[in-house]
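Trainee: got a sequence here, can you build the structure:
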Amino acid sequence: MAGAGRQTETDTSADAASRDSDQEGAAALPPDDDSVDSIAEIIASQALVAAPDGNRLVDNTDWLLLDAWRLGIPRTDTIATRVATAMGRSAGLESSAVPTQDDFALRLARTSLLARVLGLPAHQAREAVQRLAFDIPLADHHLVDVYIDYFSGRGRWFFERWLERADRYIPIMQPILREAGLPEDLVYVAMIESGFSSKAVSTAAACGFWQFIGSTGRMFKLRTDVWVDERRDFVRATEAAAAYYTALYKEFGDWHLAWAAYNAGEGRIRRALAKYGETDFWSLIEHKNGLAKETQHYVPKIIAAAIVAKDREKYGFPRPAPNVAPWRYEEIEVDDATELGALATKLGLDLEELRELNPALLYGMTPPGRHSMLRVPAGRGAEVLAWVASVPRAERLSYSHHKVRAGDSLSKIALTYGSTLAAVREFNHIANVKRLRPGQMLIIPVAHTRRAAAPATAVAHPASQKARAAATTAQAKAKAMARHRVSAGETLWSIAQHYGVSVQRIRAWNGRRSDHLTVGELLQVAAPQS
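Mentor: Sure, this is the predicted structure:
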């Protein structure tokens, strides 16, 4: 998958540490159903790559799935099944062999033939250019044709969803690009990067609408901490992308090269141009090793997406749904932690709309102890501000409360509620994790994507001798250990999910700090309960 600045010119130890931190952060909150769908869409959109000889195209889906799982994306049947079904084959990955070129060519030919029989015209780029206005440069190239056929054929299932989201976000993003003096059709870069999903995450830990990795996001002033990830914000991330593209175009003076640099890194493009003595993208990719295959396909995909999206009816897609309109909202400032669920409950606002308007809030709340911007539906800003000013801090929250008991630890409490140690510490202003007092009340922030999965009995404590004995027996049973042999593609996260425990527990059982696994090694895990 693509990611802004993912491939850098140098690889210092600081850069490596930053990437490791980004990958750990990306896996900290397991994806909800929408995130899983976004991951499946992006993997499917990456399915066509050039074969080693450079003259053929192959279906690379299995390798993309294995790479995703190997680098921390949770290994779920939903992702594999969704992608494999769309690619017209079994979801099983017993063999990760890429289909033969003959099989692929037959499927592609059948898809193109079917499109023509159904009356969906094939690529007619010149006609499209004459009929539609583009402010980005197009190109007449066979890879552009391939991706137009793909997006209107086998990739139709995810491209239609991308179009639905585009109708909501493009009218917000284009004025930001225009104000920065950039082409408005640059929004189709975001379509290829994320499908206009704030929850899209790549195997390089790039995330959000424009797929910034953490270090590049911070370079362009996108805040990323335990509470907020502005790479997921449709306004802030677009402003950062505009700043990045301004710099890229200033250096290369060519939009196709600027796109390639956004995907591969400026250093790679700079070196390739110097090595082969070329001045444009299309000449560069004629050299066998001129650019990585991902980058060779990246620019044609952007052009194809723009052509299909701006002429959707020609390619058999429905007109924009009348009920899908750009978000209309007001931005207000709150002075402390304010939870979206409390606003929805107290003021009758739609909780899902609040979450869509504020995708950067990882826990569905503004950060504690600081002033923050909050988006609310248009016309409701004054009402929300008045309510926030009139109620105590505790009433702005609808999170769980936990009364500390002897033997409790912050890590144990966070695990019980499906939260994180860092979030519990920061929210309750606890500098020293060893200074918990029995009877102390804690507020436990829980990511809104995980709240439904929090155990219903999380706050229950044994209230009698009999209950304590039963709990002790259950704990002893849970501690019965078994051994798990690591298979290809597994991660600590996927193994933890299989056994219903946390990654931290598996680390503790095996006395390890690193998440690195070796195929064939044995891990101590909790034996399945009968």
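
Trainee: in stretch 239-247, what counts as buried?
Mentor: Residues of stretch 239-247 classed as buried: 239-242, 244-245 (neighbour count, 16 or more other C-beta atoms under 10 Å). C-beta coordinates here come from the backbone N, C-alpha and C atoms, glycine included.

Trainee: phi and psi next, for residue 361.
Mentor: Torsion angles at residue 361 (phi, psi; degrees, to the nearest 10) stand at phi -80, psi 100.

Trainee: now do the same contact list for the residue nearest to it when sequence neighbours are not counted.
Mentor: With sequence-adjacent residues excluded and distances taken as C-beta to C-beta, 6 or more residues apart in numbering, residue 361 is closest to residue 228, at 6.4 Å. Neighbouring residues of residue 228 by C-beta atoms under 8 Å, 6 or more residues apart in numbering: 360-362, 367, 372.

Trainee: send me the lengthiest helix in the chain as CSV with only the CA atoms.
Mentor: Using DSSP state H, we find that the single longest helix of the chain is helix 156-179. Output in CSV follows, covering the C-alpha atoms of helix 156-179 (Å, rounded to 0.1, in the frame of the first residue of the first chain):
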residue,chain,number,x,y,z
ARG,A,156,-16.4,-2.4,-8.9
TRP,A,157,-17.5,-3.6,-5.4
PHE,A,158,-15.0,-1.3,-3.6
PHE,A,159,-14.9,1.5,-6.2
GLU,A,160,-18.6,2.1,-5.8
ARG,A,161,-18.1,2.5,-2.0
TRP,A,162,-15.2,4.9,-2.7
LEU,A,163,-17.5,7.0,-4.9
GLU,A,164,-20.1,7.1,-2.1
ARG,A,165,-17.5,8.4,0.4
ALA,A,166,-16.1,10.8,-2.3
ASP,A,167,-19.4,12.6,-2.5
ARG,A,168,-19.1,13.4,1.2
TYR,A,169,-15.5,14.4,1.3
ILE,A,170,-14.4,15.8,-2.1
PRO,A,171,-16.5,19.1,-1.6
ILE,A,172,-14.6,19.6,1.7
MET,A,173,-11.1,18.8,0.4
GLN,A,174,-11.2,20.6,-2.9
PRO,A,175,-11.5,24.1,-1.4
ILE,A,176,-8.4,23.4,0.8
LEU,A,177,-6.4,22.4,-2.3
ARG,A,178,-7.7,25.3,-4.3
GLU,A,179,-6.7,27.8,-1.5
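
Trainee: for that helix, buried residues please.
Mentor: In terms of neighbour count (16+ other C-beta under 10 Å), helix 156-179 has its buried residues at 156, 158-159, 161-170, 172-174, 176-177.

Trainee: okay, the residue nearest to residue 361 and residue 370: tell me how far apart.
Mentor: Going from residue 228 to residue 370 by C-beta to C-beta, to the nearest Å gives 10 Å.

Trainee: before we move on, what about residue 504?
Mentor: Residue 504 is 28 Å from residue 370, by C-beta to C-beta.

Trainee: more neighbours: which of the two?
Mentor: residue 504 (15 against 12; other C-beta atoms under 10 Å).

Trainee: any idea which helix or strand comes after the helix or strand harbouring that one?
Mentor: Element membership for residue 504, per DSSP states H and E: helix 503-509. Where DSSP H and E defines the elements, the next helix or strand beyond helix 503-509 is strand 522-526.

Trainee: so which elements touch that next one?
Mentor: For strand 522-526, the elements it packs on are strand 481-485, helix 492-499, helix 503-509, judged by 3 or more C-beta pairs under 8 Å, 6 or more residues apart in numbering; DSSP states H and E.

Trainee: okay, buried residues for that strand please.
Mentor: Buried-residue list, strand 522-526, by 16+ other C-beta under 10 Å: 523, 525-526.

Trainee: dump those residues into CSV; add pLDDT and distance to residue 386 as well.
Mentor: Listed next are the buried residues of strand 522-526 as CSV, based on pLDDT from 0 to 100; distance: C-beta to C-beta, whole Å:
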residue, pLDDT, distance to residue 386
523, 81, 55
525, 79, 53
526, 72, 51
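
Trainee: ok, residue 401 - how many residues close by?
Mentor: Burial measure for residue 401: 11 neighbouring residues, criterion other C-beta under 10 Å.

Trainee: residue ranges in the stretch 401-530 of the chain under the pLDDT threshold?
Mentor: Applying pLDDT under 70 to the stretch 401-530 of the chain flags the ranges 433-434, 446-481, 488-489, 493-494, 497-498, 500, 513, 519, 527-530.

Trainee: if we go to 50?
Mentor: 448-479, 528-530 (pLDDT under 50).

Trainee: buried residues, the helix holding residue 504. List them.
Mentor: 503, 506-507.

Trainee: of those residues, closest to residue 484?
Mentor: Nearest to residue 484 among these: residue 506, at 8.9 Å, using C-beta to C-beta.

Trainee: surely that closest one meets residue 490?
Mentor: No. Judged on C-beta atoms under 8 Å, residue 506 makes no contact with residue 490 at a distance of 11.5 Å.

Trainee: ok so, going back, pLDDT of the helix or strand just after the longest helix of the chain, averaged?
Mentor: The element immediately downstream of helix 156-179 (helix or strand, assigned by DSSP H and E) is helix 187-194. For helix 187-194, mean pLDDT is 97.

Trainee: excluding residues flanking it in the chain, which one is nearest residue 415?
Mentor: Nearest one to residue 415, counting by C-beta to C-beta, 6+ apart, is residue 502 at 5.4 Å.

Trainee: help me confirm that the one you found comes into contact with residue 414.
Mentor: No. The criterion here is C-beta under 8 Å, and residue 502 misses it with residue 414 at 9.5 Å.

Trainee: looking at these two, which is more packed in?
Mentor: Between residue 502 and residue 414, counted using other C-beta under 10 Å, residue 414 has the larger neighbour count: 23 against 17.

Trainee: isn't the more buried one right next to residue 427, touching?
Mentor: No. The pair residue 414 / residue 427 is not scored as a contact, 10.6 Å apart, by C-beta under 8 Å.

Trainee: and stretch 383-393, what's its mean pLDDT?
Mentor: For stretch 383-393, mean pLDDT rounds to 92.

Trainee: ok, stretch 290-307 next?
Mentor: Rounded mean pLDDT across stretch 290-307 is 94.
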